[in-house]
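Novice: Only the shape, not the letters, is given here:
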């Protein structure tokens, strides 16, 4: 029965990791390479992440410098950043793109925190659905006499504990990002 438990843990871990990846891309008023991680550039007909086409650095706390490995990709990167909805317009000096991250207003911060809470709730729903699915799987195994009722209860308790652990991880992740967003 540990297979069901391991599988549930793996899938719940993936949900939390997905949320962490999404949260890293939220703008918080600070420069971070994660802001441009999800931006894909049309590079010779392929959509390629900026991180694979350029060196992304943080020379100052509010600035991102993007130096492409292939200088001919600079204008395509600039267009992709402008079209990304990030709300930051790159400065192109012919060799490097510089993104200056503006200060967020109080209203923008509150909107971002609201969006963050929505993302967290989506992750919670995802792991709760996994709990439901794995509980059904265990109940089916018990009904077909593959496992005993005691084993079913033990596995269900283990899955419930996994859910609590993953909800706690989501709460910690959201609390850290909320603090980061609300700082000036």
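Specialist: Received, thanks. Because the structure is a prediction, the values reported are computed rather than measured.
Novice: Let me see the contact set for residue 8.
Specialist: 130, 131, 134, 159, 162 (Cβ atoms under 8 Å, 6 or more residues apart in numbering). Every residue, glycine included, has its C-beta placed from N, CA and C.
Novice: List the buried residues for the longest helix anywhere in the chain?
Specialist: Assignment by DSSP state H gives helix 106-143 as the longest helix of the chain. Using 16 or more other Cβ atoms under 10 Å as the test for burial, helix 106-143 gives 109, 112-113, 116, 119-120, 123-124, 126-127, 130-131, 134-135, 138, 141-142.
Novice: same thing with stretch 175-184?
Specialist: Residues 177, 178, 180, 181 are the ones in stretch 175-184 that count as buried (16+ other Cβ under 10 Å).
Novice: Give me the three-state assignment for the third one.
Specialist: Under the three-state scheme (DSSP: H, G, I helix; E, B strand; the rest coil), the conformation of residue 180 reads as helix.
Novice: State the distance from it to residue 97.
Specialist: Taking Cβ to Cβ, to the nearest Å as the measure, residue 180 falls 24 Å from residue 97.
Novice: For residue 39, which non-adjacent residue is spatially closest?
Specialist: residue 84 (4.8 Å; Cβ to Cβ, 6 or more residues apart in numbering).
Novice: repeat for residue 182
Specialist: residue 109 (5.8 Å).
Novice: Can you read off the pLDDT for the one you found?
Specialist: For residue 109, the pLDDT comes out at 85.
Novice: now do residue 76
Specialist: At residue 76, the model reports a pLDDT of 91.
Novice: my read: it touches residue 41, true?
Specialist: Yes - using Cβ atoms under 8 Å, residue 76 is in contact with residue 41, at 5.1 Å.
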